[in-house]
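Q: Here is a sequence together with a model predicted from it:
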Amino acid sequence: MHETGGIIASAMPRRKAPEDLSVEELRRLLIDKRRGKRSERLDHFRRTGRVVEPVPPHEAEGDIEAAGERREVPAKKRRRVLDGILLAVELLAITGLIGVLLSGLGMLRDLNREVAAALNPATAEPTPLVMAVVLPSGHMPPDAQGNTRPNEAEIPEHLRPLVQSLANLPVPTPSIEQAVRIEIPAIKLDAPVVQGDGWEQLKKGVAQHISSANPGQNGNIVLSAHNDVYGELFRHLDRLQPGDLVKLYTQQRAYEYLVDRTQIVEPTTVEVMASTGAPTVTLISCYPYLVDSQRIVVFARLQN
């Protein structure tokens, strides 16, 4: 018996003490103990239902593909929506850029036009004489002492305030293009020309209507003077014949006009003062002599 027991005891490997184990053996021993404890915990969790059994690989792959497809569908929709938004933004940006370019071109065109107008100012056209009520130079016949006054009776009563306001128009700034002198050899007239045909201007010489053309320009130069007071400058307008010479002088040169025709009109025939397309001079005075109930109008056209 003792021999058998001794044989069994000698056959079983003797367990080493911890101090007799090598480092590698100690490490393996610790790993084995940890694996055992982890296996015990997993068994416990399986028994209590706290661990789900692993899914077979082929089933897991199917679930992953289905989930991927489900995720891919909304992603495609979002991508299409985003692409549409980006396209709309690009179209708006292009439209805005085109608008800015067109606006810039318009501003550039306007700027070029303004620069061209500043470099090449257009010649001012005479203002149409639409505000005249009666022809200028109207006055009462002088008395024995030679005194006279404006003839307000020939002005319609309701238009007299307008005539008064027109009489206060400012005289234009002197320029080298304005007439300064008139000469009519056929009636031996040589007189100064003043701007404005108000009562006071008509005392100083032959008066040019404000806003009428200057010598040599296209348009109508309207000149008036008295026939029986203040020098009787236009006393003999009725003697002028077609072809007679009327010379107008500026500070730079002289312009020659030839008489075209003569006309006797009423004081309210203001259309004879209207602007013309060709260079014209219109001479106006009261008529007949010492009666002054009408007007004599002489038209002349530029020769040179």
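A: Yep, that arrived. Please read these numbers as outputs of a predicted model, since none were measured by experiment.
Q: Phi, psi for Ile210 please.
A: phi -60, psi 140 (degrees, to the nearest 10).
Q: mind listing what it touches?
A: By CB atoms under 8 Å, 6 or more residues apart in numbering, the contact set of Ile210 is Leu169, Val171, Pro172, Gln195, Gly196, Asp197. No exception for glycine: its C-beta is placed from N, CA and C like everyone else's.
Q: burial count for the second one?
A: For Val171, the neighbour count with other CB atoms under 10 Å is 11.
Q: For it, give me the pLDDT.
A: Here the pLDDT value assigned to Val171 is 76.
Q: coming back round to it: which among the contacts of Ile210 end up buried?
A: Of the members of these, the ones counted as buried by neighbours, 16 or more other CB atoms under 10 Å, are Gln195, Gly196, Asp197.
Q: Mind pulling the model confidence for the second one?
A: Confidence per residue is given as pLDDT, and for Gly196 that number is 91.
Q: which one is it nearest to, not counting chain neighbours?
A: Of all residues beyond its chain neighbours, the one nearest Gly196 is Val171 (4.9 Å), with distances taken as CB to CB, 6 or more residues apart in numbering.
Q: How about the last one?
A: Nearest in space to Asp197, with sequence neighbours left out and distances taken as CB to CB, 6+ apart, is Ala207 at 3.7 Å.
Q: Can you pull out the low-pLDDT segments for the protein?
A: Low-confidence segments of the chain, defined by pLDDT under 70, span residues 1-16, 18, 49-73, 120-131, 164-168.
Q: how about the helices in it?
A: Taking DSSP state H, the helices of the chain run over residues 2-11, 23-47, 57-119, 160-167.
Q: would you list the ones you listed in a markdown table and tack on mean neighbour count?
A: A markdown table is the format used below for those (neighbours: other CB atoms under 10 Å):
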| stretch | mean neighbour count |
| --- | --- |
| helix 2-11 | 8 |
| helix 23-47 | 10 |
| helix 57-119 | 10 |
| helix 160-167 | 12 |
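Q: wait, which of those is closest to Glu152?
A: Relative to Glu152, the nearest member of the helices of the chain by CB to CB is helix 160-167, separated by 6.6 Å.
Q: The residue nearest to Gly196 touches Gln195, doesn't it?
A: Yes - Val171 lies in contact with Gln195 (CB atoms under 8 Å); the separation is 4.9 Å.
Q: How much space separates the residue nearest to Asp197 from Val193?
A: Applying CB to CB, to the nearest Å, the value for Ala207 to Val193 is 8 Å.
Q: tell me the contacts of Glu24?
A: Glu24 touches nothing, counting by CB under 8 Å, 6+ apart.
Q: Same check on Leu159?
A: Contacts of Leu159 (CB under 8 Å, 6+ apart): Val133.
Q: ok, back up a step: closest one of the buried ones among the contacts of Ile210 to Glu256?
A: Closest to Glu256, out of all of the buried ones among the contacts of Ile210 and judged by CB to CB, is Gln195, at 21.6 Å.
Q: wait, doesn't the closest one sit right on Gly205?
A: No - taking contacts as CB under 8 Å, Gln195 lies outside contact range of Gly205: 10.3 Å.
Q: okay, now the nearest residue to Asn227 once chain neighbours are set aside: neighbour count?
A: Excluding the flanking residues, the one nearest Asn227 by CB to CB, 6+ apart is Ser285, at 4.5 Å. Neighbour count of Ser285, defined by other CB under 10 Å: 28.
Q: Any figure for the gap between Ser285 and Glu157?
A: 25 Å.
Q: repeat for Phe234
A: 28 Å.
Q: Who is the closest residue to Pro279 other than its chain neighbours paired with across the strands?
A: The shortest distance from Pro279 to any non-neighbouring residue, by CB to CB, 6+ apart, is to Leu302 (3.6 Å). Beta bridges link Leu302 to Tyr257 when assigned by DSSP bridges.
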